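**Q** Build the 3D model from these lines:
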Amino acid sequence: MQPVIQPAKKPAGKAMSLLGVLVLFALLASSCVGKYMYTISAPPIARTVELVEKDAAVAAALGSPVSVSLAVGTSLRRDLLRKLRGTDNVDVDTKVKGPKGEARLELRALNMENQGWDGRFSVKIEGRPVLREQGYVQEGASTLLEGDFAPDGAPRIKKP
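**A** As a prediction, this is how the structure comes out:
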């Protein structure tokens, strides 16, 4: 009588590894890091940050190198559910820093039903509040850069 030979069991290691990678990817995509990466990938944000960091007027006022702080800012918003329903909007209010000072980047843009981006952005140095007869005014405030967006999300600088 010959012994019964059973087929060898396939190792579950490869399937478990693949499942682990997929679960890790899903967790990362749905986490704060995933939302942050999705938000900063919006064309108006990515292109405006690049423009601000390379602009000569901003570098002259704030010193070089210039950096835009997207991780730590007043607001950074983009809603995935609204985008899935056809309206993509972004809202950024954060600091722009250089060795000689800092300014504020404000950006608002909207894309309705993939028709193209529309909105405005500005980089302003905030002045010091000083009390005058008519109330508080910002002394030393100035606008370094402002503009709007082309339909593809590229920033267009307005000439003063």
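
**Q** Tell me, what's the model's pLDDT at residue 16?
**A** Confidence at residue 16, expressed as pLDDT, is 70.

**Q** Mind checking what secondary structure it has?
**A** Taking DSSP: H, G, I helix; E, B strand; the rest coil as the rule, one finds residue 16 in the helix state.

**Q** Quickly note the distance from it to residue 66.
**A** In this structure, residue 16 and residue 66 are separated by 47 Å, where distance is defined by Cβ to Cβ, to the nearest Å. Quick note: C-beta positions are derived from backbone N, CA and C, even for glycine.

**Q** between these two, who's got more neighbours?
**A** Shown here are residue 16 and residue 66; by other Cβ atoms under 10 Å, residue 66 has more neighbours (22 against 10).

**Q** ok, and what's touching the helix or strand hosting residue 45?
**A** In this assignment (DSSP states H and E), residue 45 forms part of helix 43-54. Contacts to helix 43-54, defined as Cβ atoms under 8 Å, 6 or more residues apart in numbering, come from residues 39-40, 58, 65-68, 70, 78, 90, 92, 96, 105, 107, 109, 117, 119, 121, 123, 145, 149, 152-155, 157.

**Q** hmm, which of these are the buried ones?
**A** Neighbour counting over the contacts of helix 43-54 (16 or more other Cβ atoms under 10 Å) leaves 39-40, 58, 66, 68, 70, 78, 90, 92, 96, 105, 107, 109, 117, 119, 121, 123, 145, 149, 153, 155 as the buried ones.

**Q** Just the ones in helices from these, please.
**A** Secondary structure assignment by DSSP state H places 39-40, 58 of the buried ones among the contacts of helix 43-54 in helices.

**Q** who touches the residue nearest the centre of the chain in this structure?
**A** Most central residue of the chain, judged by C-alpha distance to the mean C-alpha position with Cα atoms, centre = their mean, is residue 40 at 2.7 Å. Going by Cβ under 8 Å, 6+ apart, residue 40 touches 46, 49, 70, 76.

**Q** Kindly reformat these as CSV containing pLDDT and distance to residue 136.
**A** Formatted as CSV, the contacts of residue 40 follow (pLDDT from 0 to 100; distance: Cβ to Cβ, whole Å):
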residue, pLDDT, distance to residue 136
46, 92, 36
49, 93, 31
70, 81, 30
76, 79, 28
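
**Q** Those, buried ones only, as a ChimeraX selection?
**A** To isolate the buried members of these in ChimeraX, using 16+ other Cβ under 10 Å:
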select :49,70,76
